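Trainee: from the sequence below, what's the structure:
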Amino acid sequence: MNTSQYWLMLKRRWLPATVVFASAVASTAVTLSLQPEIYQAEGKIRFTGADKAAALTGVGAGVSGFDPTVESNNPITTEMEEIRSTPILDAVVEKVNAFAPADQPSLSRGDLKHNLSLTSPRGTDILLLTYRDRNPKLAQAVVDAVMLVYIDQHIQDNRAETVAAREFLERELPGAEARVQAAETELRRFQEAHQVASLEEEKGAMVVAREELNRHLAEVNSELADVSGQAQSFSEQLGMTPQQAIALTSLNQSPGVQDILTQFQAVEAQLAVERVRYRDASPVVSTLLTRRAHLEALLDERIAEALHGLPAPAKGQLQGGELKAALAGDLARTEAKRQGLTQQVNALAAAQSAYTQRAAQLPFLEQEQRELMRRLEAAQSTYALLLGRLHEARVTENQNMGNARIMQPAVALDQPVAPRGGSFLATGALLGLGLAGLTALGLESRDRKLKTATEAKDLFGLTLLGMIPDHRWGHPLPSGDHAEVVVEQAPSGAIAEAYRMLQANLRFLSSDRDINTVVITSSVIGEGKSVVSANLAMARAQTGQRVLLIDADMRCPRQHKIWHVVNDQGLSNLLVEQRPAQGMIKTPVEHLDLLTAGVIPPNPAVLIDSQRMVVVLEQLAQTYDFIVIDTPALNIGIDALALGQMADGVVLVTRPGVVDIDSATMANERLTQSRLPVLGQVINGILPRHEPHSYFYYGTYGDRNGGTARQVVDSQQRLA
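Mentor: Predicted coordinates for the structure are as follows:
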């Protein structure tokens with residue numbers, strides 16, 4: 001270990017080391033205090049003409065003052081007499097005796113007044129308080145108690161007006177809050193009743209939609225006119241209506257009708273020949289007439305069955321030849337197309353009417369919404385004013401207002417009456433430092449966790465794709481929905497920049513193939529793989545690509561909690577019930593879809609390692625540009641290994657301080673044995689102050705609001 005590593009060890013183990021050091025020093029001080037020595041404790045109070053806390057914060061200015069009422073009078077002299085007053089001395093005696101040990105003699109008012117000395121150095125606004133006793137702690141406690149009791153009394157005298165103002169504001173604030181809630185409720189009901197989200201956006205979208213609808217309607221009307229002309233031309237050429245043409249086409253395509261028609265035509269031909277040879281009364285002609293009648297009846301029956309209620313054409317039209325049949329078919333198809341276009345025109349006209357009605361309502365809705373917004377803003381303004389004044393009153397009441405400040409807390413002088421104890425205390429301090437160092441070394445040797453990003457990188461030997469700082473570094477966590485999705489909640493911050501760098505490294509990692517499906521896993525639970533998955537998906541979605549985030553952790557799913565969606569159905573339902581994926585996918589933000597884990601199955605690994613999962617991923621890959629799969633940790637199942645065979649690559653998330661060396665080694669061996677396409681490693685939850693090398697530095701740049709945002713840059717440029 002070099003010097004920097006020792007320093008980092010002390011930073012990690014500062015609390016137990018400090019406790020050991022403090023314990024050693026305290027033990028030395030206690031031992032020294034047992035010596036029968038007389039100590040003198042002193043403290044200092046400084047007076048100012050105005051309350052500096054009020055001047056700095058702008059709160060409580062003018063509440064207190066420290067001006068003498070008599071000319072040529074020293075205000076500090078007046079304060080000395082107040083400290084020597086009986087109420088303050090009695091309060092000090094009670095305070096000291098309440099915390100005094102049982103074997104210690106009780107402090108009396110006479111002893112306090114006799115041993116307490118108050119002086120003011122010439123030319124200063126400082127009051128020096130001293131007290132002498134054999135017990136230095138008692139002397140120090142007495143001086144502390146005198147200063148605290150006096151400061152409390154001084155503050156209480158200046159706090160009366162602030163308390164009255166605070167009580168008045170507390171009475172008024174609930175009514176103002178109720179008015180804000182009522183205005184918000186009224187605005188929400190209006191928006192729900194009229195389905196209003198953003199009237200300006202709706203107005204713009206409606207103009208575009210109406211223009212597109214008018215253009216489409218004109219095109220359909222033009223096409224309808226063309227088709228109607230063709231239908232009329234065909235009808236005139238055939239001499240029949242479109243219904244007759246449809247019926248004729250149906251009969252020409254009916255084998256039963258055509259067969260009877262052929263027989264009927266043959267009988268008529270034979271009858272014409274026999275009538276030349278015989279009379280109508282002859283048996284041959286009579287037989288042919290009877291057969292023709294039967295065939296004609298059968299033909300009528302077949303025609304009725306084939307037409308299903310359509311008007312039957314004349315029998316002469318059934319024998320028009322192939323050209324007439326083709327024209328009849330064209331007429332029937334043209335008529336069908338004309339009817340379809342007519343229905344389309346009617347539908348477009350109805351939509352146009354609906355848009356027109358909605359456009360007529362928008363001005364009235366805008367007027368009503370503006371009125372409701374004005375009411376809400378007025379109520380919010382009043383509530384904010386009262387709330388701000390209430391906070392100001394509370395701060396004024398609770399801040400250390402007044403003109404007196406404890407300049408120096410009570411301390412015992414270094415030179416007691418008895419022998420000096422400086423060397424004794426120095427020895428105890430050195431002993432405490434040695435014990436603190438040994439404590440830190442002992443705790444460090446027993447800790448098997450990876451502690452720094454360098455250790456994590458060296459252990460796995462994978463390509464370093466990104467280094468994500470701890471989400472609490474640089475600024476507090478955002479609140480509300482999607483609070484853990486830093487890329488969405490704080491896009492200009494250092495954490496979001498680190499995630500964008502991660503997605504860029506993944507995007508350009510390989511030049512010979514596209515990486516479209518990525519499996520995210522970790523060595524153990526708690527390394528932040530779910531949060532990394534969510535932010536990586538969000539970072540890629542912000543580039544405009546269609547991204548799908550799949551929660552394949554069916555043991556302990558988290559994505560639905562991160563995105564605040566309902567996990568009523570998801571991947572498990574998709575695999576078991578074999579239902580369409582689109583019905584189960586949710587869209588929490590633009591360009592980003594989410595497939596939650598669904599109902600937790602009894603054996604998730606069986607569902608994951610199945611042919612159905614392969615088919616589902618292939619289908620989804622055809623729809624989305626990029627797919628991120630959140631899987632369980634490698635130490636609790638084979639889910640990540642199975643999914644890694646189906647994806648383009650695996651990304652391992654490692655968090656120093658969470659994963660231990662044994663678990664990390666086991667995870668590395670599993671990845672190596674499975675021969676998965678491991679794309680690289682993401683080191684998560686980094687605190688730069690815990691790292692031995694200068695991986696990061698701060699940079700600032702102006703944001704759109706004129707402020708500054710922190711950006712993390714990898715100064716070593718160690719990404720593979």
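
Trainee: the stretch 1-150 of the chain: helices as residue ranges?
Mentor: Shown for the stretch 1-150 of the chain, the helices assigned by DSSP state H, counting those that start in this stretch span residues 3-12, 14-33, 52-57, 75-83, 86-98, 109-115, 136-194.

Trainee: let me see the mean pLDDT of the third one.
Mentor: Per-region confidence: helix 52-57 scores 52 on mean pLDDT.

Trainee: beta partners of residue 549?
Mentor: Legend: beta-bridge partners of residue 549 under DSSP bridges are residue 594, residue 628.

Trainee: give me the helices and strands touching the biggest helix by length in the chain, please.
Mentor: The helix spanning the most residues in the chain, taking DSSP state H as the definition, is helix 322-398. Secondary structure elements in contact with helix 322-398, counted by 3 or more Cβ pairs under 8 Å, 6 or more residues apart in numbering; DSSP states H and E, are helix 136-194, helix 199-238, helix 242-252. No exception for glycine: its C-beta is placed from N, CA and C like everyone else's.

Trainee: specify the next element, helix or strand, located C-terminal of that helix.
Mentor: Following helix 322-398 in sequence order, the next helix or strand is strand 404-412 (DSSP states H and E).

Trainee: quick revisit: ranking the helices of the stretch 1-150 of the chain by mean pLDDT, which is last?
Mentor: For the helices of the stretch 1-150 of the chain, the stretch scoring lowest in mean pLDDT is helix 52-57; its value is a mean of 52.

Trainee: about what we covered before: nearest to residue 668, of the helices of the stretch 1-150 of the chain?
Mentor: Among those, helix 3-12 comes nearest to residue 668, with 22.9 Å by Cβ to Cβ.

Trainee: now the phi/psi pair for residue 135, please.
Mentor: Residue 135 adopts backbone torsions of phi -100, psi 110, taken as degrees, to the nearest 10.

Trainee: quick one: it from residue 100, how far?
Mentor: Separation of residue 135 from residue 100 (Cβ to Cβ, to the nearest Å) stands at 9 Å.

Trainee: between those two, tell me which one has more neighbours.
Mentor: Here residue 135 and residue 100 are set side by side on neighbour count (other Cβ atoms under 10 Å), and the busier one is residue 135, at 21 against 16.

Trainee: pLDDT at the more buried one, what is it?
Mentor: For residue 135, the pLDDT comes out at 79.

Trainee: my read is that it contacts residue 104, right?
Mentor: Yes: counting by Cβ atoms under 8 Å, residue 135 touches residue 104, with 7.1 Å between them.

Trainee: ok, for the residue positioned nearest the centre of the chain, nearest residue in space, not its chain neighbours?
Mentor: By Cα atoms, centre = their mean, the mean C-alpha position of the chain lies nearest to residue 482, the distance being 1.4 Å. Nearest in space to residue 482, with sequence neighbours left out and distances taken as Cβ to Cβ, 6 or more residues apart in numbering, is residue 488 at 5.5 Å.

Trainee: contacting residues for the one you found?
Mentor: Contacts for residue 488 (Cβ atoms under 8 Å, 6 or more residues apart in numbering) come out as 482, 538, 589.

Trainee: go on, residue 601?
Mentor: Contacts of residue 601 by Cβ under 8 Å, 6+ apart are 554, 572, 576, 607.

Trainee: doesn't it belong to a strand?
Mentor: No: secondary structure of residue 601 (DSSP: H, G, I helix; E, B strand; the rest coil): coil, not part of a strand.

Trainee: what about it, distance to residue 683?
Mentor: Here residue 601 is placed at a distance of 32 Å from residue 683 (Cβ to Cβ).

Trainee: equivalent analysis for residue 171, please.
Mentor: Relative to residue 683, residue 171 is positioned 54 Å away (criterion: Cβ to Cβ).

Trainee: one step back: okay, and the residue nearest to residue 482 sits in which element?
Mentor: In this structure, residue 488 is located in helix 486-489 according to DSSP H and E.

Trainee: I'd like the next helix or strand past that helix.
Mentor: Tracing the chain C-terminally past helix 486-489 and defining elements by DSSP H and E, one meets helix 494-507 next.

Trainee: report the next helix or strand after that next one in sequence order.
Mentor: Per DSSP H and E, helix 494-507 leads on to strand 517-522 as the next helix or strand towards the C-terminus.

Trainee: helices or strands up against that following strand?
Mentor: Helices and strands touching strand 517-522, as assessed by 3+ Cβ pairs under 8 Å, 6+ apart, comprise helix 529-541, strand 626-630, helix 639-646, strand 649-654.

Trainee: turn these into TSV, including distance to residue 269 and mean neighbour count.
Mentor: Putting the helices and strands packed on strand 517-522 into TSV (distance: least, Cβ to Cβ, whole Å; neighbours: other Cβ atoms under 10 Å) gives the following:
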stretch	distance to residue 269	mean neighbour count
helix 529-541	78	27
strand 626-630	74	27
helix 639-646	73	22
strand 649-654	81	26
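
Trainee: residue 515: which of those is closest?
Mentor: For residue 515, the closest of the helices and strands packed on strand 517-522 is strand 649-654, at 5.7 Å, according to Cβ to Cβ.

Trainee: list the contacts of that closest one.
Mentor: Taking Cβ under 8 Å, 6+ apart as the rule, strand 649-654 contacts 450, 456, 460, 462, 465, 506, 515, 517-523, 527-529, 532, 640, 644, 664, 667, 671, 676-684.

Trainee: my read: residue 437 touches residue 16, true?
Mentor: No: in this structure, residue 437 is not within contact of residue 16 by Cβ under 8 Å, at 11.2 Å.

Trainee: next, the buried residues of stretch 108-120.
Mentor: Across stretch 108-120, burial judged by 16 or more other Cβ atoms under 10 Å covers 112, 116, 118, 120.

Trainee: for stretch 337-344, same thing?
Mentor: Using 16+ other Cβ under 10 Å as the burial criterion, the residues of stretch 337-344 that qualify are 337, 338, 341, 344.

Trainee: tell me who's in contact with residue 341.
Mentor: Taking Cβ under 8 Å, 6+ apart, we find residue 341 in contact with 220, 223, 224, 227.

Trainee: adding pLDDT, neighbour count and distance to residue 124, write those out as CSV.
Mentor: Output for the contacts of residue 341, formatted as CSV (pLDDT from 0 to 100; neighbours: other Cβ atoms under 10 Å; distance: Cβ to Cβ, whole Å):
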residue, pLDDT, neighbour count, distance to residue 124
220, 78, 18, 96
223, 77, 15, 100
224, 73, 18, 102
227, 76, 20, 106
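
Trainee: and of those, the nearest to residue 548?
Mentor: The closest of these, once distances to residue 548 are taken by Cβ to Cβ, is residue 220, at 36.6 Å.

Trainee: my guess is the closest one meets residue 344, correct?
Mentor: Yes: judged on Cβ under 8 Å, residue 220 makes contact with residue 344 at a distance of 5.3 Å.

Trainee: how does this protein divide into domains?
Mentor: Residue ranges for each domain of the chain read 10-35+420-447, 204-356, 453-714, as given by automatic domain parsing.
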